[in-house]
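J.: Prediction below, plus the sequence it came from.
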Amino acid sequence: MEWSVESVERGPHCTFDWATATVPAAARVLSPRSDLFSHPVEFHMANNNSQKKRNRQNEKRRQNNKSLLSDLKTSIKRVETAVAAGEPTDMLYRDAQKKIDVAAEKGVIHANAAARKKSRLTILTTVE
């Protein structure tokens with residue numbers, strides 16, 4: 001039997017053709033950012049009350065971390081757009097720095113990542 005990229009046998013009853021292969025509709029609809037991949041508490045199979053409580057706490061913490069990270073990214077983007085527009089960035093820069101420090105303190109981002117973000121913001125705001 002001759003193997004080629006065009007035709008690969010997957011068994012005695014099935015032949016896969018790379019040239020005519022299409023992505024199934026279900027795979028096109030779902031993406032990693034889809035709502036089906038969120039982390040609702042209902043999908044955790046808890047056997048006892050302490051695990052149920054732990055699942056509730058984890059979900060609450062995940063939501064809080066998600067909110068903090070989103071707010072952090074927004075404040076950084078505000079500084080970047082203000083710099084691009086030539087507007088004053090003093091207040092925006094201080095606000096972004098404060099949010100970066102809070103996120104690092106709460107463990108949402110790593111301390112080194114916080115230092116890197118603050119350094120890049122400093123360079124961005126001082127170089128004009």
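T.: Structure's in. What do you need? All figures in this text were calculated on a predicted structure; none of them were measured in a lab.

J.: Show me where this protein has its strands.
T.: 7-9, 15-17 (DSSP state E).

J.: Considering these, which stretch scores lowest in mean pLDDT?
T.: Ranked by mean pLDDT, those bottom out at strand 7-9, which scores a mean of 49.

J.: mind checking the longest helix of the chain?
T.: For the chain, the helix that runs over the most residues, judged by DSSP state H, is helix 49-85.

J.: what is the mean pLDDT for that one?
T.: For helix 49-85, the per-residue pLDDT averages 96.

J.: buried residues in stretch 89-105?
T.: Residues of stretch 89-105 classed as buried under the neighbour-count rule (16 or more other CB atoms under 10 Å) are 89, 92-93, 95-97, 99-100, 103-104. (C-beta placed from N, C-alpha, C; glycine too.)

J.: So which of the residues you listed is the closest to residue 48?
T.: Taking CB to CB as the measure, residue 48 lies nearest residue 103 of the buried residues of stretch 89-105, at 33.2 Å.
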